[in-house]
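1. Fold the following, please.
(one chain, ligands or ions: 1)
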Amino acid sequence: MPEITGELGSFEKIGVVVGETTHSEFYFAIEDTKTPQIWDYVVVRSKEVVDGTEKDVLVLGQIVAITSYSPGLSEYTPYPVAEKLKDAEIIEPRNFAQVKVLGFTVGGKVLMPRRTIYPGTDVYLAPDDVLSQVYSYPDEEGLFIGHLITRPRVKVQLTIRGFRRHLAILAQTGAGKSYTAGVLLEELYDKGATVIVLDPHADYVFISQSKDGKRILPRVDVFRTRESTGRYTKEDIGHMETFEIKFSDLSPDEIFTITGIRDEWLNIQKAVRDAVKELKNEKPGRYTVEDLINKLESMDSNDSLRAIKYIEKLKGLKVFGEVTTPIENLLKPQHISVMDLSGLSDHVADYIAYKILSEVYYQREHGKYKYPVFVLVEEAHRFIPKKENTLSKRIAKRIAAEGRKFGVFLILLTQRPQKIDQDVLSQCNSQIIMRMTNPEDQKAVRASAEQVSEDLLNDLPGLNVGEAVIVGEMTKMPVMVKIRERKTKEGGADIDIVTRLSEALKEAKEYEESKDEIIREEIKEIRDILDM
Ligand SMILES: Nc1ncnc2c1ncn2[C@@H]1O[C@H](COP(=O)(O)OP(=O)(O)OP(=O)(O)O)[C@@H](O)[C@H]1O
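-> Numbering: from 1, shown residues only. So this is what the prediction gives:
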């Protein structure tokens, strides 16, 4: 915010502070000719002690409620009296607004006032340039996410430094989570980030393309397993890489984790270890799941036969191939790797997520990949559920708790905040929250983020598609944003029902007409035969 000198002459005055005030909230009487909107921003002058010196500061606040009343017209005024007062033009409506204080900035930092805003203080509409300064960051760290809902001219940036921990994007289905994540991916790409996307619905497979299908982000790869059927064809997506794992590259410990062979089942574990050891000698680097099962069968002990029951599970994991896709293929500077998990069963998708998360964590923990890695997890409640245990949950919890030390940052998307592991959710110190009407989901969001006030939760059902409230370390102050338009093509956009139904009608009509035509031709043929 600008340094304060003299009067705020160029600012538009809209009222005067009235009633009881505190450091975090005040009311103001609105000037008769002014019509501010709810959620709009106001500024007031105040004095605060900063670093031991008293300073003039401009405190920014947001209007959270506007009330209108007429002293002569109470809710008990009978209709005839109301009509008479109206005809006599003595209604004299009064408007007042409630303001939540957002803070004041000093040297780029936001501080909360310690003093109350005194009654009688003038209230001004916050000018666009003041707001632009508050919600922007230096070029190298700013992620341009959208514009203020109440001020379409004011750009809002988030800071990439806010990824000191993790980010959650929370909203009910159709509110615009994937679209917003797409905007964030574009911005992260521009900043040179290494991003991996775990994509169960193929929502991001077109992220390299502009809306008209041109390749605009060259450093994007889409991965798919060999047997995956997927939501889109290879032709739709264009370039596609294969993700596979060579079975003989798995260590016995990995086999135990995947199949659920527990640590305390020492004899079963020993049988598997022995079988793997023998196979490594007999068929180095080229044995399969079937080979392991045959080997255990041939060992013919109680433990080896019990092990088979668990090893059989691996047959359903259709990710084993000739080679293991090196993690280096996914981890590159300024690069987005989209792992298309569409068309795979939950178990297979979970295994791949586990494998990728574990590899990424290992690479960073051991300094093998030198840049921070951002992992976007769509449908995060499927991989990191509150109640069930999945393969990916344990490693995701570890990354949530410790990933920031090694520069692995999660971006979690879910439409069911109440269904995701609550420890992981509370490790997300920034949240992009969009329309949400389910009270249980709202409660889960409330519990996970201290900056989410009751007021804010009440507002969530009122947000439109593509509008978001952003809180946490990625923004200086909580902010309500209309997410900007994407440059890239969406994968999971809602289908246009009206257009698709009229196409269906056309196809049905053409079919009926062709049927009539065939019948007419058949009748004609019969007549010709009879006439002969
Ligand atoms: N900021 C925006 N600007 C324009 N259109 C948007 C915006 N956000 C979302 N939409 C549109 O709204 C629809 C739903 O968006 P999106 O698929 O991102 O929702 P979602 O919350 O991810 O839903 P789901 O949970 O079902 O995946 C899409 O058709 C998308 O194009």
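2. OK, now which residue of the stretch 301-450 of the chain is nearest to the ligand?
-> Residue of the stretch 301-450 of the chain nearest the ligand, by C-beta to the nearest ligand atom: Q415 (4.5 Å). C-beta: built from backbone N, CA, C; applies to glycine.
3. pretty sure that residue is touching Q172, no?
-> Yes: under the criterion of C-beta atoms under 8 Å, Q415 makes contact with Q172 at 5.5 Å.
4. anything in contact with each of those two?
-> Listed as contacting both Q415 and Q172 by C-beta atoms under 8 Å, 6 or more residues apart in numbering are D441.
5. Among those two, which residue is more densely surrounded?
-> Set Q415 next to Q172 and count neighbours by other C-beta atoms under 10 Å: Q415 wins out with 20 against 17.
6. Contacts only, for the more buried one.
-> 170-173, 175, 177, 381, 441.
7. The stretch 101-250 of the chain against the ligand: which residues are in contact?
-> When proximity is defined as C-beta under 6 Å from any ligand atom, the stretch 101-250 of the chain approaches the ligand at 171, 173-179.
8. Dead centre of this protein: give me the residue that sits there.
-> The centroid of the chain falls nearest to I169 when counting by C-alpha atoms, centre = their mean (3.0 Å).
9. my guess is it meets I432, correct?
-> Yes: using C-beta under 8 Å, I169 is in contact with I432, at 4.6 Å.
10. Please enumerate the shared neighbours of these two.
-> Residues touching both I169 and I432 (C-beta under 8 Å, 6+ apart): T180.
11. And whatever residue of the stretch 51-200 of the chain ends up closest to the ligand, how far from L170?
-> The nearest approach of the stretch 51-200 of the chain to the ligand comes at G176, 2.9 Å away (C-beta to the nearest ligand atom). From G176 over to L170 the distance is 11 Å, taken as C-beta to C-beta, to the nearest Å.
12. Please enumerate the helices of the stretch 301-450 of the chain.
-> Applying DSSP state H, counting those that start in this stretch to the stretch 301-450 of the chain gives helices spanning 302-311, 346-365, 380-383, 391-406, 422-426, 439-448.
13. for the third one, packing partners?
-> Packed against helix 380-383 by the contact rule (3 or more C-beta pairs under 8 Å, 6 or more residues apart in numbering; DSSP states H and E) you find helix 346-365, helix 391-406, strand 408-414.
14. does the ligand sit close to it?
-> No: applying C-beta under 6 Å from any ligand atom, one finds helix 380-383 separated from the ligand by no less than 10.9 Å.
15. on that earlier part again, which neighbours do G176 and L170 share?
-> M434.
16. Dump stretch 403-410 to PDB, keeping only the CA atoms.
-> Provided in PDB are the C-alpha atoms of stretch 403-410 (Å, rounded to 0.1, in the frame of the first residue of the first chain):
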ATOM      1  CA  GLY A 403       8.000 -33.500   2.000                       C
ATOM      2  CA  ARG A 404       8.600 -29.800   2.500                       C
ATOM      3  CA  LYS A 405      12.100 -30.600   4.000                       C
ATOM      4  CA  PHE A 406      13.000 -32.200   0.700                       C
ATOM      5  CA  GLY A 407      11.100 -30.000  -1.600                       C
ATOM      6  CA  VAL A 408       8.200 -32.300  -2.500                       C
ATOM      7  CA  PHE A 409       4.900 -30.400  -2.500                       C
ATOM      8  CA  LEU A 410       1.500 -31.800  -2.800                       C
END
